[in-house]
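Undergrad: here you go, sequence then predicted model.
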Amino acid sequence: MRTNGPKIRLSRALGIALSAKALPYLERRPYPPGEHGRGRRKESDYRLRLIEKQRLRAQYAVSEAQLRRVLARASRSGAKTGEVLVEELERRLDAVVMRSGIARTIHQARQFVGHGHIQVNGRRVDRPSFRVTVHDVVRVDPRRRHLTPFVVAAAGANAPDRVPSHLDVVLPALTVGMQADPRRAELPVQCDEQLVVEYYSR
């Protein structure tokens, strides 16, 4: 999904920092953009659920159709639909690339995958929605590691404060393995996923 428009403006509209760059702007102006951003808005139940859905979509840069497909799969799991929804989104190849620190943002991760820089189990994969499973090994194509973004990543410039335990990351080698299933409790996703499920159940 291509997100057009300024990411900082979107961050302010949703009330969450979608990148490290957006954080200081959000701290200085913790209200939605626009002429009436400072004014109070009526917080209806529908709007609360809509905002949570938009927050989840923005953090993974997925389209409405993609989110609906993942939700349908999560609802058939037999477990808590909201938690499984987030865990399934975390299996996306672009999410794994971002969460490992190979990419700085989800948008950069999508670009890396789309341009064919990423391999899964030694084979090139150019589909950001590719579902990574346990024991899969994701790495940067050895022929592309000399590119500046990957040299920067290997030095640890994009390293997250905490890597979820389901990922085994070796940044100097630009390699990450999925050693377990993602767990919602460990994922730094700012969203009340139950409200997202309720939004689609209305």
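TA: Ah, there it is.

Undergrad: touching, P149 and Q108? I think so.
TA: Yes - P149 lies in contact with Q108 (C-beta atoms under 8 Å); the separation is 7.3 Å. Every residue, glycine included, has its C-beta placed from N, CA and C.

Undergrad: mind listing what the residue lying closest to R124 once chain neighbours are set aside touches?
TA: Distances taken as C-beta to C-beta, 6 or more residues apart in numbering place G116 nearest to R124, at 5.4 Å, with adjacent residues excluded. Counting by C-beta atoms under 8 Å, 6 or more residues apart in numbering, G116 touches 124, 126, 141.

Undergrad: what's the biggest helix in the chain, counting residues?
TA: helix 45-60 (DSSP state H).

Undergrad: ok now that one, how far from the chain's centre?
TA: Computed by C-alpha atoms, centre = their mean, to the nearest Å, the chain-centroid distance of helix 45-60 equals 14 Å.

Undergrad: after that helix, next one along is what?
TA: Next along the chain after helix 45-60, taking DSSP states H and E as the criterion, comes helix 64-75.

Undergrad: beyond that following helix, next helix or strand please.
TA: In N-to-C order, the element after helix 64-75 by DSSP H and E is helix 81-89.

Undergrad: what sits closest to V176 if chain neighbours are left out?
TA: S100 (3.9 Å).

Undergrad: tell me, how many residues neighbour the one you found?
TA: 27 (other C-beta atoms under 10 Å).

Undergrad: now swap in H146 and tell me
TA: Neighbour count for H146, taken as other C-beta under 10 Å: 8.

Undergrad: for stretch 157-173, report the contacting residues that lie outside it.
TA: Against stretch 157-173 from outside (C-beta under 8 Å, 6+ apart): 90, 96, 99-104, 139, 152-154, 156, 175-183, 186-188.

Undergrad: buried members of the residues you listed into ChimeraX, please.
TA: Command for ChimeraX that selects the buried part of these, burial taken from 16 or more other C-beta atoms under 10 Å:
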select :90,96,99,100,101,102,103,104,139,153,154,175,176,177,178,182,187
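
Undergrad: in strands, which of the contacts of stretch 157-173 appear?
TA: If you go by DSSP state E, these have 139, 175-178 in strands.

Undergrad: re the thing from before, mind checking which of the contacts of stretch 157-173 land in helices?
TA: Short answer: the contacts of stretch 157-173 in helices (DSSP H) are 96, 99-100, 152-154.

Undergrad: farthest pair within these?
TA: Across the ones in helices among the contacts of stretch 157-173, no pair lies farther apart than V96 and V152, at 18.6 Å, counting by C-beta to C-beta.

Undergrad: what sits against G114?
TA: 126, 128.

Undergrad: pick out the residue closest to the middle of this structure.
TA: Centroid-nearest residue in the chain, with C-alpha atoms, centre = their mean: Y60, separated by 3.2 Å.
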